[in-house]
Structures are given as structure tokens and as C-alpha cells.
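J.: what's the 3D shape of this:
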Amino acid sequence: MKNVSKRVVSSAAIGMACAVGLFSSAASADEHVLILLDRTGSMGATSVPGKTRLQVAKDRIKSFLKSAPSQPRRYAFWTFDDATYTPIFNFADSRTAAQVEIEVDAVTLGGVTPLAHSACAAIDELINYLPSEFHTKRLYLATDGEENNTLSTDQCYGAPSATNYPNLQVGSWQWKVRNKACTGDANSPAMCGTPGMPTLLVDIDHLFDNVTLRARRSLEAVPNAGLFSAFSGSDASFFSGLAGETGGRYVSVTPSTPPAQAAPRPGDASLDGCVNVADRSLVLSQFGQTVAAGTPTDFNRDGVVNIYDYNTVLQNYGSGCSVP
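T.: Below is the predicted model of the structure:
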């Protein structure tokens, strides 16, 4: 495993960013997207029929990569398992969506889950990259949850919260990750979107079912069993709450999720597995509208249905259809 040192947000960096509008609502030059993929052992469990959680997560990420962005994107791609995260690409590598897609396909299963450690390090990476400029910052996390291996020395270490979002237990790992996303400091709580604080979108694909602790342990060796949350419902509450508070997109995928919805094709607004005239019509019916996070017609997740979403349909027209 490659060892990577953590980067920490300094007060000087935040101050400089505030001075030039990093934390404002001004238009940005481009979007920085850090894709963080869980490759831990439990991601090998079956998700929808015929696909593992890891396979579905890969499909969802690749669908996003194939959307037509409304502004240029710069990508970082990390995976995590065992004791830490592994940067496959960082922003400075200037990789294309197609190059990221190849590496997403190549990811294999690993070990246990340093989720809090990896998420907070990813947030540091996003905030610290070009801090003197304004850019849209998006963390795209694909995981089945269940933090169980963040070291006690880590900034976001903590026991699982005994209470659900938004009333997270002070000092829990969920409380710290939420603070990190909203303020840039794991121990400084404030509402997301507070003036002078980081503006960070958090998209979360949550792949789970009601797996028991015993079944989960058969897939991962859990050294910190005391940090293990046996029921995925608490993770769902946290992940959906965090995504919603940051203005990001939360999607849950379980074995009962229809396959075309679990792993949607780019351009498939109707989620029926086929990109055709129905999808074009759906995009046109909402054309020019500002929409909520998670709206199926907003493929590039910029909050507006526009020509870029229409182009995503056209570029993938006929995909999955027996008769285009």
C-alpha cells in the first residue's frame, strides 16, 4: 500500500481563499471533482442481481464521467481500503474523464474500511488545491459505509454516533466528517453554507442492504470492532443528510433497486435502460429550469437542465435500446 501523507487546511489558506472568493457563490472557472471509491472487502457483496456493489459503483461513476459538463472539469481519483486511501490520480495530473474511467474499471477488492480518514483527507485535498482561486469543489463518494478502521490519531477518528443526523453525537466520526465538509475543520461545527466557510458539494452513492454484523465480518476482518455500525440505516441517515446539507446528490442502491436505476446509462433520464426519444423529451420538458440535486435529467449535476444535458442524451442516443 502506498503511504500518502495527509494534507491539512491551514487558517492562512482559508483566509487567502476567502479573500478571492473561494467560499463565495460567484461563477467558477471550472469544477474540481475528487472521486473517492470504496474498494473494501464488503464491496464484493451482491448488490443488484448479477452485480457486486463495486461493479455498480463503477458503473455509476462511469455514467457521471460520460456526462457533458457545463464547465471544464479537473479530476482526482482515489480509492480506499485497509489503513488509508490511495491516490490513483491527483488534480495536478490533469487526467481526462476517459483516462479516469480506465482506472475506475481496473479497481479490485481490498480489505477494511478507513472511511472517515479517507473522506476527511479528500476534503483537505479539494480545499487545498488552488486555494487562491474560486472553483466548484465536489467530493463524489461511492461506498457501502460502515467505518471500521480509522486510526485513533486521525483528525476524523471517533466512535459511531449514537444518534442519527442531524443530531450527531459530538466527537463521533460522523460529526467530524460533517464538520470537515462544512467548515474545513473536523472539530468546528457550523451550518454548511455559512459565509466564510468552504463551499463543497458532497455526492454519495450508498450501496447497502440490511447486512448483519456477522455477515459483514465474513467479508472484512474488522480490527476495530467497537467502531463498527451493524445496521446500514444509520449510515443512510448520515450520508443522505450530509449530501442534502451540502447541496449534493445522495443515491441509495439496494438489491431491490431496479437495475437500470442502480446503474443508469448516461443520457437515460427515464431510467428504463434505453436512451431514446423519451429521454430527449424529458430533458426538453425541463429545459432551462433550475432543479433539485438528484433530478434525473440533470446528468452533469450542475443544478440546471440545459444544452449540456441535452447533448448527453444525443451523445448516447440508442444506448441500451433494441431499436434506437
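
J.: how does this structure divide up, domain by domain?
T.: 11-259, 265-315 (automatic domain parsing).

J.: lowest-confidence stretch among the ones you listed?
T.: Note on the domains of the chain: lowest mean pLDDT is at domain 11-259, with a mean of 87.

J.: Please enumerate the helices of the stretch 201-324 of the chain.
T.: For the stretch 201-324 of the chain, the helices defined by DSSP state H, counting those that start in this stretch cover 213-217, 232-246, 259-262, 277-285, 307-315.

J.: So for Thr153, which of the ones you listed sits nearest?
T.: Thr153 lies closest, by Cβ to Cβ, to one member of the helices of the stretch 201-324 of the chain: helix 232-246, at 22.7 Å. (Glycine included, C-beta is placed from N, CA and C.)

J.: Can you name the residues that contact the closest residue to Gln155 other than its chain neighbours?
T.: Leaving aside its chain neighbours, Gln155 sits nearest to Ala186 (4.7 Å; criterion: Cβ to Cβ, 6 or more residues apart in numbering). By Cβ atoms under 8 Å, 6 or more residues apart in numbering, Ala186 lies in contact with 120, 155-156, 176-177, 179-180.

J.: Surely Ala186 is in a strand?
T.: No - per DSSP: H, G, I helix; E, B strand; the rest coil, Ala186 lies outside any strand segment and is coil.

J.: Mind checking which of the contacts of Ala186 are in helices?
T.: 120, 176-177, 179-180 (DSSP state H).

J.: would you turn the residues you listed into a markdown table with distance to Leu201?
T.: A markdown table is the format used below for the ones in helices among the contacts of Ala186 (distance: Cβ to Cβ, whole Å):
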| residue | distance to Leu201 |
| --- | --- |
| Cys120 | 16 |
| Lys176 | 19 |
| Val177 | 15 |
| Asn179 | 16 |
| Lys180 | 14 |
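
J.: which stretch among the domains of the chain comes nearest Ser322?
T.: domain 265-315 (7.9 Å).

J.: Show me how far stretch 176-186 is from its chain's centre.
T.: 15 Å (Cα atoms, centre = their mean, to the nearest Å).

J.: what does stretch 58-71 give?
T.: Centre-to-centre, stretch 58-71 and its host chain are 12 Å apart (Cα atoms, centre = their mean).

J.: Cys274: which of the contacts of Ala186 is nearest?
T.: The shortest gap between Cys274 and any of these belongs to Val177, at 37.6 Å (Cβ to Cβ).

J.: do you know how far that closest one is from Ser256?
T.: Distance check for Val177 against Ser256: by Cβ to Cβ, to the nearest Å, it reads 28 Å.

J.: Is it possible to mark the buried ones in the contacts of Ala186?
T.: The neighbour count (16 or more other Cβ atoms under 10 Å) marks 120, 155-156, 176-177, 179-180 as buried among the contacts of Ala186.

J.: mind putting the contacts of Ala186 in JSON lines, distance to Ile35 included?
T.: Output for the contacts of Ala186, formatted as JSON lines (distance: Cβ to Cβ, whole Å):
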{"residue": "Cys120", "distance to Ile35": "16"}
{"residue": "Gln155", "distance to Ile35": "21"}
{"residue": "Cys156", "distance to Ile35": "19"}
{"residue": "Lys176", "distance to Ile35": "22"}
{"residue": "Val177", "distance to Ile35": "17"}
{"residue": "Asn179", "distance to Ile35": "22"}
{"residue": "Lys180", "distance to Ile35": "18"}
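
J.: Pull the contacting residues for Val104.
T.: Contacts of Val104 (Cβ under 8 Å, 6+ apart): 35, 37, 58, 61-62, 65, 77.

J.: give me the element it is part of.
T.: Val104 is part of helix 97-106 when elements are defined by DSSP states H and E.

J.: swap in Asp124?
T.: Counting by DSSP H and E, Asp124 is found in helix 115-128.

J.: Name the next helix or strand downstream of that helix, please.
T.: Later in the chain than helix 115-128, the nearest helix or strand by DSSP H and E is strand 136-143.

J.: Give me the contacts around that next one.
T.: 28, 30-38, 43, 57, 60-61, 64, 71, 113, 115, 119, 122-123, 126-127, 181, 198-207, 248, 301.

J.: In strands only, show me the residues you listed.
T.: Among the contacts of strand 136-143, the members found in strands (DSSP state E) are 31-38, 200-207.

J.: And for His276, the neighbour number?
T.: You called it His, but residue 276 is Asn. For Asn276, the neighbour count with other Cβ atoms under 10 Å is 19.
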